[in-house]
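Participant: dropping the sequence and predicted coords here.
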Amino acid sequence: MKAIRQHRYGGPEVLVLENLPAPHPHARQVRIRVAAAGVQLLDTQIRSGLGPPRTRIPLPMTPGREVAGIVDTVGSEHDRSWLGKFVAADLGVGSGGYAELAIADVDRLHVLPAHLDPAEAVAAIGTGRTVQAILELAELGPTDSVLVTGASGGIGSTLVAAARRVTGQVIGLVTGTSNRAMVSALGATAVDSATPKWATTVRDSLGSGATVVLDGVGGELGAQAMSMLAVGGRLIMFGTASGTSIPLDADTVYRSGITVTAAVGARLLDRPGGLGDLEERSLAALIDHTLATPIGHRLRLEEAPLAHQILEQRRSHGKVVLIPAGG
């Protein structure tokens with residue numbers, strides 16, 4: 001089979017396409033013929049070796065944690081009922097998704113309707129799952145005014161769409177004309193944070209301030225977004241695309257009268273019930289057409305380095321997905 005292989009930590013160029021022996025599942029595992037593999041910003045941190053300690057994966061490895069496709073082999077006779085089923089699965093951190101064939105534990109599988117787009121299914125169990133966790137904390141209501149940073153990415157664009165279903169005032173921070181057009185098409189006010197007076201534009205639009213800031217960028221941009229919260233507003237952090245967290249201390253919280261929480265990290269990994277119910281919730285929203293992550297980039301397997309560049313340079317508009325040949 002063809003798969004992306006990483007033999008050393010470094011830039012996107014360390015991701016190379018190789019021919020590998022087909023993997024074989026153990027008991028309570030299946031093999032999936034991959035139709036779509038999701039790409040996350042976390043994947044780029046794992047590749048560089050700069051991610052959290054838990055993501056330091058022994059090399060060589062095949063990256064990728066989200067896949068959708070058809071089960072073509074099972075690990076034991078007990079699991080033969082899975083053969084031929086269209087499924088999606090989270091494989092775990094750095095567990096072989098960028099490949100034509102991938103191994104998944106049976107208890108991680110979600111059976112999908114035949115009509116679903118594999119790329120959208122992959123987005124639902126990865127990006128969509130995180131979105132559900134963020135929305136769970138945000139508790140958005142019709143009177144909220146919402147500011148979303150990184151609004152053109154997979155998570156950001158899905159949050160914009162979700163917020164617009166609930167409330168009328170949603171502002172999305174983006175960079176670039178095409179990303180601005182995408183977020184505007186979702187019904188939000190799109191503001192290019194690369195322009196000199198973007199902060200003034202946002203403040204004028206908000207009036208008395210945002211009641212909710214959903215921040216996946218962090219750093220100085222995240223800090224500026226946080227400063228636009230009204231007294232009693234909620235800051236929900238879900239990423240650090242800038243490379244750093246929002247500089248934050250208790251004095252800031254006391255002075256501004258806001259509440260601050262993080263939707264990812266320990267809160268996500270250790271939540272009661274685990275991640276499975278979030279995946280189910282996200283897939284249900286996709287199936288009934290209430291919420292889906294836009295697919296912005298469908299790339300060939302060998303274009304994995306480009307996929308990482310798009311994410312690291314914050315050029316993504318929607319979810320980035322790899323499509324193996326025949327997928």
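Facilitator: Yep, it's here.
Participant: in the protein, where is pLDDT below threshold?
Facilitator: 51-55, 94, 326-327 (pLDDT under 70).
Participant: quick one: the helices in it?
Facilitator: 41-48, 118-123, 129-138, 154-166, 177-185, 198-206, 219-226, 250-256, 266-269, 276-287, 304-312 (DSSP state H).
Participant: tell me which of these is the most buried.
Facilitator: Burial of those is given as mean neighbour count (mean count of other C-beta atoms under 10 Å); helix 118-123 ranks first at a mean of 27. Yep, even glycine has a C-beta here, placed from its N, CA and C like the rest.
Participant: distance to Ala3 added to the helices of the chain, as JSON lines?
Facilitator: JSON lines is the format used below for the helices of the chain (distance: least, C-beta to C-beta, whole Å):
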{"stretch": "helix 41-48", "distance to Ala3": "14"}
{"stretch": "helix 118-123", "distance to Ala3": "17"}
{"stretch": "helix 129-138", "distance to Ala3": "24"}
{"stretch": "helix 154-166", "distance to Ala3": "23"}
{"stretch": "helix 177-185", "distance to Ala3": "31"}
{"stretch": "helix 198-206", "distance to Ala3": "42"}
{"stretch": "helix 219-226", "distance to Ala3": "34"}
{"stretch": "helix 250-256", "distance to Ala3": "46"}
{"stretch": "helix 266-269", "distance to Ala3": "27"}
{"stretch": "helix 276-287", "distance to Ala3": "24"}
{"stretch": "helix 304-312", "distance to Ala3": "10"}
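Participant: of those, which is nearest Phe238?
Facilitator: helix 129-138 (5.3 Å; C-beta to C-beta).
Participant: still on that earlier bit, of the helices of the chain, which is nearest Val16?
Facilitator: Closest among those, using C-beta to C-beta: helix 304-312, at 8.5 Å.
Participant: from the chain's centre, how far out does the closest one sit?
Facilitator: 14 Å (C-alpha atoms, centre = their mean, to the nearest Å).
Participant: other SSEs contacting that helix?
Facilitator: Secondary-structure packing of helix 304-312 (3 or more C-beta pairs under 8 Å, 6 or more residues apart in numbering; DSSP states H and E): strand 15-19, strand 29-39, helix 41-48, strand 295-300, strand 319-323.
Participant: okay, the angle between the longest one and strand 319-323?
Facilitator: So the one you mean is strand 29-39. Using axes from the mean of the first three to the mean of the last three C-alpha atoms, to 10 degrees, the direction of strand 29-39 lies 130 degrees away from that of strand 319-323.
Participant: so what strands line up beside strand 29-39?
Facilitator: Strand 29-39 has the following strand partners under DSSP bridges: strand 66-74 (antiparallel), strand 101-105 (antiparallel), strand 319-323 (antiparallel).
Participant: in it, what counts as buried?
Facilitator: Of the residues in strand 29-39, 29-39 count as buried by neighbour count, 16 or more other C-beta atoms under 10 Å.
Participant: could the residues you listed go into TSV alongside distance to His308?
Facilitator: Shown next, in TSV, are the buried residues of strand 29-39 (distance: C-beta to C-beta, whole Å):
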residue	distance to His308
Gln29	28
Val30	28
Arg31	26
Ile32	22
Arg33	24
Val34	18
Ala35	21
Ala36	17
Ala37	13
Gly38	13
Val39	7
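Participant: which residues touch the residue of the chain most remote from its centre?
Facilitator: Among residues of the chain, the one most distant from the C-alpha centroid is Glu77; the distance is 34.9 Å, by C-alpha atoms, centre = their mean. If a contact means C-beta atoms under 8 Å, 6 or more residues apart in numbering, then Glu77 has no contacts.
Participant: how about the one 10 residues further on?
Facilitator: Contacts were defined as C-beta under 8 Å, 6+ apart; by that measure Val87 touches 30, 32, 68-71, 104, 109-112.
Participant: leaving out the residues flanking it, which one is nearest to it?
Facilitator: Leaving aside its sequence neighbours, Val87 sits nearest to Leu109 (C-beta to C-beta, 6 or more residues apart in numbering; 4.7 Å).
Participant: ok, now how distant is that neighbour from Leu116?
Facilitator: 14 Å (C-beta to C-beta, to the nearest Å).
Participant: one more: Gly233?
Facilitator: 37 Å.
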